[in-house]
Every structure is written in C-alpha cells, then in structure tokens.
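Undergrad: Sequence first, predicted model second:
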Amino acid sequence: MIKTLFTFVFTVMLVGCVSSNNGTLYQQLNGKQGVEKLVESFINQIGHDERILAYFKQSNVAHFRQGFITHLCSVTDGPCEYKGDNMVDIHTGMNIPEKDFNRVVELLINAMDEQQIPQTVQNKILSRLAPLRPEIIDI
C-alpha cells in the first residue's frame with residue numbers, strides 16, 4: 001500500500017514537472033507580465049549604454065516598447081500577432097555594425113538574467129530572434 005502510494009505521488013510530481021516544462025516560451029516567461037518585465041529591463045539596459053542608446057535618440061520609446069512586447073509575445077508563441085514595421089524598414093539607413101548588433105544581444109541577455117529567465121529559455125528565445133540578424137546589420 002505504501003509503495004503504491006509512493007509510486008502514485010512520485011508519478012504525479014513527474015507529470016507536473018513535465019507539463020510545466022512543456023509550456024510555450026511565452027508561458028515560461030510568465031505570459032504578458034513576464035514579457036513586459038523583460039522588455040522594461042531591456043529598455044533600461046539600452047538606456048545605460050551610451051553607444052547603443054545613440055541608435056534610439058530619434059525613437060519613440062513607448063512605440064518601441066509596445067512593438068517589442070508584441071513582437072516578443074509573438075516570437076515566443078504567445079497570443080499576439082506582430083503587425084508592426086518589418087526589421088528591414090526599421091533598420092535601413094542605420095548601418096548597424098556587427099559589434100553593435102552583438103552588444104544589443106548582450107543587453108538582451110543581461111535583461112533576461114536580471115529577470116532570472118533560465119538559460120535554456122534564454123537560448124530558445126535567442127534562437128528565434130537570430131534569423132532577424134541579416135535584416136538588421138549594415139543596411
């Protein structure tokens with residue numbers, strides 16, 4: 001009887017662990033609240049980096065914030081559909097060198113660390129954003 005009870009409890013615990021790890025990236029980020037916190041941290045990181053902040057001098061921060069929240073929500077399989085400007089339109093003429101692109105990635109990683117997002121989730125997010133790289137660098 002005790003062995004059966006132990007097996008049942010252990011199985012329920014394993015199912016709970018498996019189901020929580022199989023949620024969408026959006027769910028693993030704690031949904032809307034988590035995405036918003038991550039974007040706030042990212043904007044804060046940008047605001048403290050003079051080199052990268054220079055790219056945002058002409059930007060409407062509220063517009064950027066909302067656009068990135070929606071984009072990140074969509075990229076992480078959340079309930080959002082990004083309908084904003086495409087990356088080429090946004091970045092054409094900015095001539096962003098690879099080193100500055102890489103710095104922005106570092107700032108995003110810093111923001112994810114600040115929000116205590118697990119490394120595995122960070123890697124998945126970065127892998128989904130990585131295909132945008134050619135649409136941003138040196139155009």
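TA: Ah, there it is.
Undergrad: Helices along the chain, start to end?
TA: Counting by DSSP state H, the chain has these helices, from start to end: 2-21, 25-28, 31-47, 50-53, 61-75, 87-91, 98-114, 119-129.
Undergrad: quick one: average confidence on stretch 42-55?
TA: Across stretch 42-55, pLDDT averages out at 97.
Undergrad: contacts for that stretch?
TA: For stretch 42-55, contacts defined as CB atoms under 8 Å, 6 or more residues apart in numbering pick out 56, 61, 64-65, 68, 94, 96, 100, 103-104, 107-108, 110-111, 114. To be clear about C-beta, it is placed using only N, CA and C from the backbone, and glycine gets the same treatment.
Undergrad: among those, which ones are buried?
TA: Buried by 16 or more other CB atoms under 10 Å: 64-65, 68, 96, 100, 103-104, 107-108, 110-111, out of the contacts of stretch 42-55.
Undergrad: Closest to Arg128 out of those?
TA: Arg128 lies nearest to Leu108 out of the buried ones among the contacts of stretch 42-55, by CB to CB, at 12.0 Å.
Undergrad: Please list all residues in contact with that closest one.
TA: 42, 45, 126, 129.
Undergrad: Kindly reformat these as CSV and extend each row with neighbour count and distance to Thr120.
TA: CSV is the format used below for the contacts of Leu108 (neighbours: other CB atoms under 10 Å; distance: CB to CB, whole Å):
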residue, neighbour count, distance to Thr120
Phe42, 23, 19
Gln45, 20, 21
Leu126, 13, 11
Leu129, 16, 15
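Undergrad: what's the neighbour count on the closest residue to Leu25 other than its chain neighbours?
TA: Nearest residue to Leu25, sequence neighbours excluded (CB to CB, 6 or more residues apart in numbering): Thr76, at 3.7 Å. Neighbourhood size, Thr76 [other CB atoms under 10 Å]: 23.
Undergrad: Alright, calling it a day.
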